[in-house]
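Chemist: Sequence unavailable; structure follows:
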Ligand SMILES: CNC(=O)c1c(C)[nH]c(/C=C2\C(=O)Nc3ccc(Cl)cc32)c1C
């Protein structure tokens, strides 16, 4: 049975983005809570429409405990609007959690940070090592990670994720041999799974330090700092192991950064570990 708008009642707006609005909704049949992203596609060009279809198809197939679950969609052709119905995460997003700790001058426990770190590595593992080709999120940030009622992390908003099918890799997407490609051309196009590892490093760093590793007043100054690559160690209340692991994810040379598979095997994130916490 195709879902209808009238199956749901809107409770409140919980976020607005470029193309759409995120609203908390309740299914009338069983009072269950969901969220829908209401996206107007009327003003979208063909490329953006294609990306939207790609995003919905990616969401539909990603079923994992730590990725926000897609439930259904409703297309309202009259108003050129699509409603993507997803699981409700009562804990809100990580950005709000970080802001609360900063305002209250309290620190997130290492146990919480380690749990969220482990859960996001699991979620990224599903995306990066998918049989049909890696899905790179490309827009990982605290505002795109949500918490369920038990404080478990859920990777959300695959708005920009890009399916890098096995076919297209760096060399073949350029005419001629790669030997003569300039560094900036390579760096602009080397958006790889390791770029998500860098972003995840920034997120875990910010969960501990309550500010990102690289900050600046302007985009230009930020680019300089990111390329320089120097940043403070985490507060000493956190283990040396966490500091070292996050540092390894924030290395300039993306070949040196651990892959998600290597992160999963790292002792700090291994399950069934006799952990101090
Ligand atoms: C202040 N923030 C909130 O209260 C909040 C809550 C309780 N839930 C959310 C967000 C989502 C939520 O609850 N489920 C979601 C599924 C996909 C996406 Cl992109 C976002 C959400 C937010 C932003």
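Modeler: Happy to help now that I have it. Everything numeric here is computed off the predicted structure, so don't read it as measured data.

Chemist: which regions of the chain sit below the pLDDT cut-off?
Modeler: Residues of the chain meeting the criterion pLDDT under 70: 18-19, 159-191, 272-277.

Chemist: Spell out which residues of it are next to the ligand.
Modeler: For the chain, the residues in contact with the ligand (CB under 6 Å from any ligand atom) are 14-15, 22, 35, 68, 86-90, 92-93, 96, 146, 156-157. Any C-beta I mention is one placed from the backbone N, CA and C, and that applies to glycine too.

Chemist: Show the buried residues in the residues you listed.
Modeler: Applying 16 or more other CB atoms under 10 Å to the residues of the chain next to the ligand, the neighbour count classes 22, 35, 68, 86, 87, 88, 89, 93, 146, 156, 157 as buried.

Chemist: From those, which land in strands?
Modeler: Among those, the residues falling in strands (DSSP state E) are 22, 35, 86, 87, 93, 146.

Chemist: What distance do you get for the fifth one to residue 127?
Modeler: In this structure, residue 93 and residue 127 are 19 Å apart, going by CB to CB, to the nearest Å.

Chemist: Format the buried ones among the residues of the chain next to the ligand as TSV; extra columns: distance to residue 271.
Modeler: As requested, these are exported to TSV (distance: CB to CB, whole Å):
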residue	distance to residue 271
22	33
35	30
68	23
86	27
87	24
88	27
89	23
93	26
146	22
156	24
157	27
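
Chemist: Closest one to residue 78 out of these, please.
Modeler: Checking those against residue 78 by CB to CB gives residue 22 as the nearest, at 21.6 Å.

Chemist: And residue 154, which helix or strand is it part of?
Modeler: If you go by DSSP states H and E, residue 154 is part of strand 153-155.

Chemist: Give me the nearest residue to the spatially most central residue of the chain, chain neighbours excluded.
Modeler: Centroid-nearest residue in the chain, with CA atoms, centre = their mean: residue 140, separated by 3.4 Å. Once flanking residues are discounted, residue 140 sits nearest to residue 199: 3.7 Å by CB to CB, 6 or more residues apart in numbering.

Chemist: and that neighbour, helix, strand or coil?
Modeler: At residue 199 the chain is in helix, as set by DSSP: H, G, I helix; E, B strand; the rest coil.

Chemist: which other helices and strands contact the longest helix along the chain?
Modeler: Secondary structure of the chain per DSSP state H: the longest helix is helix 110-128. Packing partners of helix 110-128 (3 or more CB pairs under 8 Å, 6 or more residues apart in numbering; DSSP states H and E): strand 134-136, strand 153-155, helix 193-209, helix 240-249, helix 260-265.
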